[in-house]
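> Build me a model:
(4 chains)
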Amino acid sequence: MNLHEYQAKDILRTYGIPIPPGEIATSPAQVEAIAAKIGAAVMVKAQVHAGGRGKAGGVKFCKDAATAREKATAILGMKIKELTVEKVLVTKAEDIGTEAYVGIIVDRKTKKAVFMVSAAGGIDIEEVAATTPEKILYHPVDPRYGLQPFEAQQMGFFLYGDAKQARAAAKIMLQLWTAFVATGCSLAEINPLVVTPAGEVIAVDAKMVIDDNELDRLPAVAALRDESSEAPSEVDARKANLTFIKLDGNVGCVVNGAGLAMATMDLVKYYGGEPANFLDIGGSSNPEKVVNALRIITADPSVKAILFNIFGGITRTDDVANGIVTATKANPLKVPIVIRLTGTNEELAMKILKDNGFSASSDMDEAVQQAVALAKGGKAA
Amino acid sequence: MNLHEYQAKDILRTYGIPIPPGEIATSPAQVEAIAAKIGAAVMVKAQVHAGGRGKAGGVKFCKDAATAREKATAILGMKIKELTVEKVLVTKAEDIGTEAYVGIIVDRKTKKAVFMVSAAGGIDIEEVAATTPEKILYHPVDPRYGLQPFEAQQMGFFLYGDAKQARAAAKIMLQLWTAFVATGCSLAEINPLVVTPAGEVIAVDAKMVIDDNELDRLPAVAALRDESSEAPSEVDARKANLTFIKLDGNVGCVVNGAGLAMATMDLVKYYGGEPANFLDIGGSSNPEKVVNALRIITADPSVKAILFNIFGGITRTDDVANGIVTATKANPLKVPIVIRLTGTNEELAMKILKDNGFSASSDMDEAVQQAVALAKGGKAA
Amino acid sequence: MSVFIDRNTKLVVQGITGRDGSFHTKQMIEYGTQVVAGVTPGKGGQKFEGTVPIFNTVADAVKATGANTSVIYVPPQFAADAMMEAAAAGVKLVVCITEGVPVLDMTRVYPYVKETGARLVGPNCPGLITPGESKVGIIPGRICTPGNVGVVSRSGTLTYEVVYQLTRAGIGQTTCVGIGGDPINGTNFIDALEAFERDPKTRAVAMMGEIGGTDEQEAADFVKHHMKKPVVGFIAGQTAPPGRRMGHAGAIISGSAGTAAEKIDAFKSAGMGVAQRPKDFVQLIQERLK
Amino acid sequence: MSVFIDRNTKLVVQGITGRDGSFHTKQMIEYGTQVVAGVTPGKGGQKFEGTVPIFNTVADAVKATGANTSVIYVPPQFAADAMMEAAAAGVKLVVCITEGVPVLDMTRVYPYVKETGARLVGPNCPGLITPGESKVGIIPGRICTPGNVGVVSRSGTLTYEVVYQLTRAGIGQTTCVGIGGDPINGTNFIDALEAFERDPKTRAVAMMGEIGGTDEQEAADFVKHHMKKPVVGFIAGQTAPPGRRMGHAGAIISGSAGTAAEKIDAFKSAGMGVAQRPKDFVQLIQERLK
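Residues are numbered from 1 along each chain as shown, chains lettered A, B, ... in the order given. This is a model prediction of the structure:
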């Protein structure tokens, strides 16, 4: 789950990280009031889950409250990468001496959370990694001990020659580490970490990505989810415990397991079709999930055929069959459906489907070819 | 630093451990008011840093507020192991089903904090260890990972066959562990951990000992020190950063280093004398410490001779010499002094002493024998 | 022969009385796995299905039954503790089926289990099966048949798909190992490949990877330099949208974006066979077994 | 020969610009120790006394100078971090002089340093000296003289006392090791005894213990079963009141109250010489060197 900049900043502030004052606004009038309260030049920053906000015109420097109102009028409601800007952060504009990057991510290879720090901040770290990789210091944190002060200090001195700034950065890194762990992050970054002309070290922008698996035990963090910034079908899927990603094709896919779901999409493509979505109903299934999956898929008008590909393990195929029957009784399908299932409780599932007028195959390639043909308007084989 | 029962309970309560309600009182009238507020049978418990309070009559069951006032009148002001009872804890008397012991201490051998748990609670754990050692489970905690829930659960099931009680005890152990670490303890114990007839698991008595080395970074804990419960000379010494323990003899000893201080006391005894105290002026010395040491020792009327035994390493003997000169100028000594010093800056120290009319030797055995003789009223050799 | 599990595997099931745990325990027993104990705190002393003794703790179970392997079916918030409990109790193989374990939990579990000397498989994996001998986890037994192909996969159901097709074509398996799809897991491709290379019965290996990370590239490198046995690989997700969990920052550290194309190139340059569709494994393996 | 330090010891001083650090660095240099670097964060680039380069971090110091040993003179609240920093930077010997380190800090520092493969001596110790070669810490150089007696002690000043008396009697030392008096420390008696047993130059060992804990009893057991060289022991605190830091609970775990009498008995039953007074070492060692 991505947090907005203002949410990440609110969290990091509670851990003691120095961050310029700011408030969130949803209207130009609010923006003007906040800017007036700050009483100095401000930044008005679009709060959407998209990179490149600045380039898209979503981040503006405003010398006074009236300008802030004017710029906010343009930003609120604009679209950045198909996301509508509903909120802006109004924050004190800081004079910037130098810009550095400080981030933590969980790394598969070292199996640890790893700090990445670079004195080349203010731009995308991917760009730094691609062009001047030697400017990035990687520091894996031993999860058994956590980040130690001396490690933070080493990184601080990597960023700054000045001891006071190095120490201030080290303190911020220790605070960022504590926030990272306590908030269940898979990524947390400060970019840029700024040294002001006065020599203060402050966080001017922040990003946090929460591990979805943490949300159950961190209700306060889970409550930060902003559904207005997500596609409605994906919100719907998540609430039904489904993993769903909307794509551009016309073969609606319902699969159990991410690997098989991807392989199914690949096979749709292989046989000349285009998948309309990625949809994983996950392990431990129940009929309700299938009902929800069908509801979400059939809501997409571009879907011309539905393909179920279920290989039962922990998922019981009879649960899936029951779900299909229940869902289609309540809302009869308007597009053809191709069902492939095999594995746990397969005989029972086949019987349920047959008793309710569905046919089902047990061969994946056959089923995919059939669904592709149906989506193209051909007849089922 | 020892905490009183009521202080330990206040801390453990903030970590979620279930503890019967109670308040502290310094007068019988207060006791009566608290007991009336509790509105049930209460225990009135002397708050002094001494074991065996119960046997000494410092812990009483009182069926009502009037009885509580009466018992409190007897307890307040009584002496337990030479300590005057200034405060009592008035706490709800709980019905007791079973009594267990749960403690954590730092163990030199495993170099870890170790849980000790036993279903034989309510009595001194030393007694259990001596008579039925098989009734104690020892569980060292890996400091890198901290106490894990499964470990707490294993200990919970060691105490109780009932799963609900085992889980409740496990939760308490996790809370106790968190409190132990956060409060900088060298010992924390709940004894007894009680199962009430209703099946609730609660902590009826608690003890915490804080590692003195933690106090600098835990000011809130350091503020819990109750100086009224300590010998004034020891309070005085601690404030002067000296380690001082009053003993029964007449040779006042001022030594640097605990090992040499003990060896000096042993040698006083070896040569037929009796040390009046253990006093370690510690490492990194300064003249002020010596001034304070002399003040504390000369305040003891039983001291008949003073023995300095200083072997300079990190302690500079010139600091010690300056301290002796300063202190004796301000307050001329009324008892003879024997000075032995050698090591860092010895030549300078000897010169300082000589210039101020003191003699000093560099032989420990000679100095000790001389001090013993002077304390007995003989002449210096 | 086989890898990791065989007929001597003595299994303790953590979460034996839960919905998934009880269902799959029955399946494992039916398959012939020696399920010697179950663990559900508070149900110690009871028996599962009248036969398998239940204990309050894994330590008790190991002490009483000599279990050497554990399989975990507990909810995600308890899974890290369950893995550590199993390793601390002295079992040599810990298989965690549970999906949804927080990745920061795994950063702690991984070194903990390693220090005990136990092998962890998973989490978020289907477990293992040595056809005809033992099944630990949830891989459906009837799709497998004994033989001499080792199977290792990051995916659950995709593994079934491939094994199913192999079996239908008469190609049996030594052991199928589902290593799980989480960013941090206990056993990786190289661990399994190493074991298959050492196993005298295994003659070829089928390996199913996915987009993301660089495990497949490292596995290809291992195949190139350390394996004599043929390996056929597959990558799921050629048409998938970029993964949304980690963003790009993870790829910076790994020095790779983890795309399907990169991984397939790595397979090719290691001289591995590359399956385009799951069913292609059949022919590619058959060619290599000749 | 010697143990732990010798003329090849290249020392970095952590806290070189502090009151104690600067004083004792001068003493160490004067004694002939190769002090190659100092560390004070923020003073990197400066020089101590115009000669010893100062760095911001131990890692920088080690990289630039090849220091293989570190000595720590920082305030207690920073000592744990300093020990970990030194070990992480790759020095092989970390000597912590600082007194007053919280014991819970040490429970974490101990395994951390051990995992790096470094040896920790201390904290709360006087350090080591190999007379005529190198001094790391605060043991006064002029009380020592080269010879063939190894000295190991839990106490600081008591060590000086004994070494002083040995030197005055013409008995020289291979190395004097102050292991420190804290409940948790990096090097114990057995580590030092083992090193002295292996050191070809050492012919006898003087060992000074204290009341509390069971280290001396275990050391006696080690002497009995693993040492050919004679060892003479002393226990300080025969007349001391019971220690007030740990109470009795510590003794339950150790299975002993840690009294002087117990320890002396252990020495005797291990066949060790027992010094009643510090000065008794002289005669007891002389007898054993004949």
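
> Only C-alpha atoms from now on, for both contacts and neighbour counts.
OK.

> Listing request: residues of the chain with sub-threshold pLDDT.
Unless you meant another one, I'm taking chain A. Within chain A, the segments meeting pLDDT under 70 span A:283-285, A:378-381.

> Switch to chain C, please.
C:241-257.

> Near chain B, which residues of chain C are found?
Residues of chain C that fall close to chain B, judged by C-alpha under 8 Å from any C-alpha of the partner chain: C:41-43, C:56-57, C:81-82, C:85, C:108.

> Which pair of the residues you listed spans the longest distance?
Across the residues of chain C next to chain B, no pair lies farther apart than C:Lys43 and C:Arg108, at 28.4 Å, counting by C-alpha to C-alpha.

> can you give me the helices for the stretch 1-150 of chain C?
C:19-31, C:58-65, C:76-88, C:103-116 (DSSP state H, counting those that start in this stretch).

> closest point of chain A to chain B, which residue?
A:Arg144 (4.8 Å; C-alpha to the nearest C-alpha).

> Could you look up the SS state of that residue?
coil (DSSP: H, G, I helix; E, B strand; the rest coil).

> Against chain C, how distant is it?
A:Arg144 sits 6 Å away from chain C, going by C-alpha to the nearest C-alpha, to the nearest Å.

> And for A:Thr178?
From A:Thr178 to chain C the distance is 13 Å (C-alpha to the nearest C-alpha).

> Can you tell me the closest non-neighbouring residue to that residue?
A:Tyr15 (7.6 Å; C-alpha to C-alpha, 6 or more residues apart in numbering or on different chains).

> residue contacts, the one you found?
Contact analysis of A:Tyr15 by C-alpha atoms under 8 Å, 6 or more residues apart in numbering or on different chains lists A:175-176, A:178-179.

> switch the cut-off to 10 Å
A:9, A:172, A:174-179 (C-alpha atoms under 10 Å, 6 or more residues apart in numbering or on different chains).

> Narrow these to those that are buried.
A:9, A:172, A:174-177, A:179 (16 or more other C-alpha atoms under 10 Å in any protein chain shown).

> who in chain A is up against chain B?
A:142-146 (C-alpha under 10 Å from any C-alpha of the partner chain).

> Most neighbours among the residues you listed, please name it.
A:Pro143 (20 neighbours; other C-alpha atoms under 10 Å in any protein chain shown).

> Okay, that residue and C:Gln77: tell me how far apart.
18 Å (C-alpha to C-alpha, to the nearest Å).

> all helices for chain A, in order.
A:5-14, A:28-38, A:65-75, A:125-131, A:149-159, A:163-182, A:219-222, A:232-239, A:258-270, A:287-298, A:317-330, A:346-355, A:364-375 (DSSP state H).

> Let's have these in a markdown table, adding distance to D:Val149.
Below are the helices of chain A laid out as a markdown table (distance: least, C-alpha to C-alpha, whole Å):
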| stretch | distance to D:Val149 |
| --- | --- |
| helix A:5-14 | 58 |
| helix A:28-38 | 74 |
| helix A:65-75 | 81 |
| helix A:125-131 | 58 |
| helix A:149-159 | 38 |
| helix A:163-182 | 46 |
| helix A:219-222 | 64 |
| helix A:232-239 | 74 |
| helix A:258-270 | 69 |
| helix A:287-298 | 79 |
| helix A:317-330 | 79 |
| helix A:346-355 | 81 |
| helix A:364-375 | 81 |
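
> most packed of those?
Comparing the helices of chain A by mean neighbour count (mean count of other C-alpha atoms under 10 Å in any protein chain shown), helix A:258-270 ranks first with a mean of 25.

> A:Thr133 and A:Met116 touch, don't they?
No Thr there; residue A:133 is Pro. No: judged on C-alpha atoms under 10 Å, A:Pro133 makes no contact with A:Met116 at a distance of 11.0 Å.

> higher neighbour count, those two?
A:Met116 (21 against 14).

> if I pick whichever residue of the stretch 1-150 of chain C sits closest to chain D, what's in contact with it?
Using C-alpha to the nearest C-alpha, the closest approach of the stretch 1-150 of chain C to chain D is made by C:Glu115 at 11.7 Å. By C-alpha under 10 Å, 6+ apart, the contact set of C:Glu115 is C:87-88, C:109.

> Now for residue 92, how many residues are close by?
If you meant another chain, say so; for now it's chain A. Neighbours around A:Lys92, by other C-alpha under 10 Å: 23.

> nope, chain C
C:Lys92 - counted by other C-alpha under 10 Å - has 19 other residues nearby.

> What separation is there between it and C:Glu115?
12 Å.

> For the most centrally placed residue in chain C, grab phi and psi.
Among the residues of chain C, the one closest to the centroid is C:Gly178, at 2.7 Å (C-alpha atoms, centre = their mean). Dihedral angles of C:Gly178 (phi, psi; degrees, to the nearest 10) stand at phi -100, psi 110.

> Identify the bridge partners of it.
Taking DSSP bridges as the rule, C:Gly178 bridges to C:Gly127, C:Ser153.

> and if you look at C:Pro146?
C:Gln173.

> And the strands in the stretch 101-250 of chain C, which stretches?
C:119-121, C:127-130, C:134-137, C:146-153, C:173-178, C:204-210, C:231-236 (DSSP state E, counting those that start in this stretch).

> Return the most buried member of those strands.
Scoring the strands of the stretch 101-250 of chain C by how many neighbours each averages, mean count of other C-alpha under 10 Å, gives strand C:173-178 as the top one, at a mean of 32.

> before we move on, back to that, mind picking the two most distant members of the contacts of A:Tyr15?
Taking C-alpha to C-alpha, no two of these sit farther apart than A:Lys9 and A:Leu174, at 15.7 Å.

> now the strands of the stretch 101-250 of chain C as CSV including distance to C:Ile184?
Formatted as CSV, the strands of the stretch 101-250 of chain C follow (distance: least, C-alpha to C-alpha, whole Å):
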stretch, distance to C:Ile184
strand C:119-121, 11
strand C:127-130, 16
strand C:134-137, 19
strand C:146-153, 15
strand C:173-178, 14
strand C:204-210, 14
strand C:231-236, 19
